[in-house]
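Based on what follows, work out the 3D shape:
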Amino acid sequence: MQTILNFLTDLKNNNNREWFADNKLRYEEAKNKFFDLTDFLILKIKEFDKSVDVNSAKECAFRIYKDVRFSKDKTPYKTNMGAYIAKGGKKSPFAGYYIHIEPNASFAGGGIYCPQPAVLKAVRTEIAEDATELYSILKNKSFHTVFPELYGDKVKTAPRGFDKNHPNIGLLRFKSYTVIHKFSDNDLTKPDFAEKIISTFKIQKPFNDYLNTCFSE
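Residues are numbered from 1 along each chain as shown. Okay, the predicted model is just below:
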C-alpha cells in the first residue's frame, strides 16, 4: 500500500500530463497493487455475499483519468484509487462495497451512492412505509461502532412526494444511502489491512441486503 500512497501523494503535487507521462511506470505499479487488493477483496466478499457476480478488479476499479468537460477543476487525474464491488460491477445500481485509497483520506464502506431516481424513490418508499428493519441495522452495536452514521448529502426539508412531518423524515432526506469507515495511512501499511477491510464489509452486509431488497423485488 505504501507504493500506492507514495504515488498518489506525488500525483497530487504534480497533477499534469507531463509529470504523469514521466511517471507512467510508477502509476502502473501502483495500479497493479491496487488491482491485487481488489481481486483479493472480490474473492473474499463472494464467500459471504453470493449476490456479487464479478470476478476481477477490471470490472470494479474506477479509472484514474478525470472527465473535466463540466468541471471547474481541470486537473486531469484523480488523486485516489477506488473500486466498487457489487452485482454487475462498478456501474451497478445495486448496493455494494467500496474501497477508497487516498493519502490521509482512505476508507471502506458502500451502500448506494447517488442512485437513479427510480431506485432512490423505491428505497425512500420502503423507509416511509416501515423503517423498523433499517433502524435495527443502524443501531446494532457492532454496526454502529464501525459505521456511526449515514453519510452523504440531504435535501433541505423533504423529498418531493413525502411529508416533511413524517416520523422517518431524518432517513428520508438522504440523497444517497451510504456508510464509511475511515482508515489511516498507518492502517494501510499493516499486514492485516486487507482482512480488516473484509471484516468491515461483513458488518456492512445487512445494510446492503436491506437496500437491495427495497428495489429488487
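
can you list the weak-confidence ranges in the protein?
Flagging of the chain using pLDDT under 70 yields the residue ranges 216-217.

Break down it into its helices, ranges please.
Using DSSP state H, the helices of the chain run over residues 2-13, 17-22, 24-48, 117-129, 132-139, 141-146, 169-172, 185-188, 193-216.

Output those helices in a markdown table, with distance to T157 and mean neighbour count appended to each entry.
Placement of C-beta: from N, CA and C, glycine included. Formatted as a markdown table, the helices of the chain follow (distance: least, C-beta to C-beta, whole Å; neighbours: other C-beta atoms under 10 Å):
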| stretch | distance to T157 | mean neighbour count |
| --- | --- | --- |
| helix 2-13 | 37 | 16 |
| helix 17-22 | 44 | 11 |
| helix 24-48 | 37 | 16 |
| helix 117-129 | 14 | 17 |
| helix 132-139 | 21 | 14 |
| helix 141-146 | 27 | 13 |
| helix 169-172 | 9 | 18 |
| helix 185-188 | 38 | 14 |
| helix 193-216 | 22 | 19 |
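
Distance to G109 added to those, as TSV?
Below are the helices of the chain laid out as TSV (distance: least, C-beta to C-beta, whole Å):
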stretch	distance to G109
helix 2-13	18
helix 17-22	28
helix 24-48	13
helix 117-129	17
helix 132-139	13
helix 141-146	9
helix 169-172	17
helix 185-188	14
helix 193-216	7
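
between those helices, which gets nearest to K87?
Closest to K87 of the helices of the chain is helix 193-216 (C-beta to C-beta; 8.1 Å).
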